[in-house]
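In: Below: sequence and its predicted model.
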Amino acid sequence: MIDLDPASDPGHPLETIMLDRILRRAHVVDPVNRLDGIMDVAVEDGRIAAVAPDIRETARSEQDCSGQVLMPGLIDPHLHLGTMFGSPYGSRMAALAGVTTCLDMAGPVDDIVSHIHDTGAGINVAMLSGFSPAEECGTDRPSRGQIDAAVQTALKKGALGLKIMGGHWPLALSVCRDVVASCCAQNAYVAWHAGSLTAGSNILGMQQAVETVRGLRLHLAHINAYCRGRVNSVEEETAAALSLLEANPNIWSESYVSPMNGTILTCAGENHRGEVIDHVTRTCLEGFGFPADYEGVVRAIGEGRLFVVKDTGFVSELIGGDEALAYWRDAGTAAAGSFAVNPAYSRFVLAQARRSDGTFAVDAISTDGGCIPRNVTISTGLSLVKFGALTLAEFVLKTSVNPARHLRLDDRGHLSPGAAADITIFDLQRQQALETIVSGRTVMKNARILGRGARFITTPAGVPALQAQGFKTIAVDLERPEAERIRI
Ligand SMILES: [Zn+2]
């Protein structure tokens with residue numbers, strides 16, 4: 001730490017202090033420290049040294065950030081880095097979008113760990129292992145003991161916990177309940193994409209998930225996905241989702257702001273010409289009036305309702321029409337896709353809704369992106385700021401402060417002296433990420449990737465396996481209760 005008042009430190013003449021970096025004249029937005037104005041930010045040894053209107057010291061690297069907004073590093077609490085969701089380039093795509101830390105919401109852990117040395121962009125990554133009892137326990141109805149063992153296995157591999165993939169691959173409700181209880185008992189993170197064998201990925205599935213966990217802590221994924229007007233009107237479903245969140249503060253949640261969803265387009269049967277196996281894909285096809293099979297996918301692509309995620313060899317991108325059809329067929333139907341199924345109303349209302357106590361009803365803005373090309377927190381999320389639905393400080397609260405607190409990353413989500421120098425710099429007018437800085441190092445600048453690999457956020461149980469594979473780790477303590485939600 002440096003001392004900003006030269007008179008108080010006569011033993012160290014200022015000329016001798018040489019910091020690593022100073023980012024000058026940025027519009028700094030740091031709600032935790034109530035900063036919202038033009039300041040300099042000094043970085044030393046990967047940590048914040050000082051934030052002040054005019055830092056007089058010099059640094060080995062100085063840069064002018066006039067006209068740019070600087071916030072504590074953007075944390076995306078729901079994205080995908082698993083190759084099956086589009087490409088192995090999710091970390092790179094997140095860094096390009098200004099993300100310094102992310103929570104992967106399905107793994108597979110082995111897949112991510114095997115490719116991220118080469119494909120990673122140097123951001124911090126926490127992983128949840130998508131729970132597949134048939135694969136992991138040899139049965140769709142595992143016992144509590146088998147579930148406990150699956151949680152342990154995931155933690156030892158380096159996962160932060162488990163994700164129930166209910167909406168896409170439904171499980172029995174009793175299994176879902178046991179997974180949440182097991183994770184809570186073992187201090188593992190647990191998330192649920194609502195849906196089970198008895199409710200879909202919709203507002204009824206959300207209601208069922210909230211009732212099923214009976215007060216246990218749970219990250220309920222992408223609330224906007226349950227407010228697509230599948231059961232009642234979009235307005236009624238959004239109101240119902242908000243009252244569930246108001247009444248159940250044990251639920252931590254995010255919603256995303258892209259109109260596009262993300263789903264798997266694999267078909268079963270001989271030559272993959274049969275039924276679509278992913279339940280979200282089935283619901284989307286049927287919602288647009290197509291059959292939930294191979295022909296339905298062909299028609300949905302042909303009529304411009306469905307886009308396919310293409311691995312370009314550097315990132316993934318959405319393609320449509322004949323190009324999409326050929327890509328999907330060449331992949332033997334095993335490709336990811338996106339439908340434009342998220343209504344503007346629910347995305348907008350969920351992004352800015354408050355509880356009666358003044359906290360945000362939905363805790364964070366996520367992307368559900370990564371290698372699914374919709375990393376739009378800055379490019380679309382800042383429209384909420386321009387519209388006046390969120391102040392810049394509130395935007396930072398939902399995209400950095402709240403997810404940092406939820407992940408128990410005490411030295412992130414703010415720019416206090418000593419905090420990790422994770423910083424996102426963006427252009428508010430153009431709604432574009434300009435620079436992504438992780439622990440003081442630039443990993444992305446002006447659309448160029450400069451970082452490599454990843455640092456993993458894990459539980460103490462996951463540290464040995466990840467370090468043995470050459471990764472740096474940040475161990476978090478999920479046993480510790482979360483800090484109270486911030487009132488706005
Ligand atoms: Zn997801």
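Out: It's in.

In: From here on, just use CA atoms for contacts and neighbour counts.
Out: Fine.

In: what about Thr212, how many residues close to it?
Out: Using other C-alpha atoms under 10 Å, Thr212 is surrounded by 16 other residues.

In: That one is in contact with Arg177, isn't it?
Out: Yes: applying C-alpha atoms under 8 Å as the test, Thr212 and Arg177 come out as touching, 6.2 Å apart.

In: buried sites along the longest strand along the chain?
Out: Looking across the chain with DSSP state E, the single longest strand is strand 18-30. By neighbour count on 16 or more other C-alpha atoms under 10 Å, the buried set for strand 18-30 is Leu19, Asp20, Arg21, Ile22, Leu23, Arg24, Arg25, Ala26, His27, Val28, Val29, Asp30.

In: With respect to pLDDT, which of those ranks lowest?
Out: Among the buried residues of strand 18-30, Leu19 carries the weakest pLDDT, at 93.

In: Could you list every helix and strand in contact with the longest strand of the chain?
Out: strand 35-44, strand 58-64, strand 69-72, helix 392-396 (3 or more C-alpha pairs under 8 Å, 6 or more residues apart in numbering; DSSP states H and E).

In: What would the third one look like as PDB? C-alpha coordinates only.
Out: Which is strand 69-72. C-alpha atoms of strand 69-72 as PDB (Å, rounded to 0.1, in the frame of the first residue of the first chain):
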ATOM      1  CA  VAL A  69     -15.300   3.700 -17.100                       C
ATOM      2  CA  LEU A  70     -13.300   1.500 -14.700                       C
ATOM      3  CA  MET A  71     -15.000  -1.000 -12.500                       C
ATOM      4  CA  PRO A  72     -14.000  -3.800 -10.200                       C
END
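
In: mean confidence score for it?
Out: Averaging pLDDT along strand 69-72 gives 98.

In: next one: it to chain centre, how far?
Out: Here the centre of strand 69-72 is set off from its chain's centre by 18 Å, with C-alpha atoms, centre = their mean, to the nearest Å.

In: Sheet partners, orientation included, of the longest strand of the chain?
Out: According to DSSP bridges, strand 18-30 forms sheet pairs with strand 35-44 (antiparallel), strand 58-64 (parallel), strand 69-72 (parallel).

In: buried set for the second one?
Out: Applying a neighbour-count criterion of 16+ other C-alpha under 10 Å, the buried positions in strand 58-64 are Thr58, Ala59.

In: Identify all contacting residues around that strand.
Out: If you take C-alpha atoms under 8 Å, 6 or more residues apart in numbering as the criterion, strand 58-64 is touched by Glu15, Ile17, Met18, Leu19, Asp20, Arg21, Ile22, Leu23, Arg24, Arg25, Ala26.

In: what does the longest one give?
Out: Taking C-alpha under 8 Å, 6+ apart as the criterion, the residues outside strand 35-44 that touch it are 1, 19-30, 48-55, 393, 421, 440.

In: and what of the last one?
Out: Residues lying outside strand 69-72 but in contact with it, judged by C-alpha under 8 Å, 6+ apart, are 26-30, 396, 400, 412-415, 421-428.

In: quick check, nearest of the contacts of strand 58-64 to Gly358?
Out: Within these, the smallest distance to Gly358 is 29.3 Å, found for Ala26 (C-alpha to C-alpha).

In: Hmm, Ser66 and the closest one touching each other?
Out: Yes: with contacts counted by C-alpha under 8 Å, Ala26 reaches Ser66, the gap being 5.3 Å.

In: Just list the residues touching Leu216, thanks.
Out: Counted by C-alpha under 8 Å, 6+ apart, Leu216 has contacts Val180, Ala181, Cys184, Asn250, Ile251.

In: Of those, which is the most crowded?
Out: Neighbour max across the contacts of Leu216 (other C-alpha under 10 Å) = Val180, 25 neighbours.

In: Provide a list of residues in contact with the nearest residue to that residue once chain neighbours are set aside.
Out: Computed as C-alpha to C-alpha, 6 or more residues apart in numbering, the closest residue to Val180 that is not its neighbour in sequence is Val190, at 6.2 Å. By C-alpha under 8 Å, 6+ apart, the contact set of Val190 is Leu128, Gly161, Leu162, Lys163, Ile164, Val179, Val180, Cys183, Cys184, Arg217, Leu218, His219.

In: at 7 Å what do you get?
Out: By C-alpha atoms under 7 Å, 6 or more residues apart in numbering, the contact list for Val190 reads Gly161, Leu162, Lys163, Val180, Cys183, Leu218, His219.
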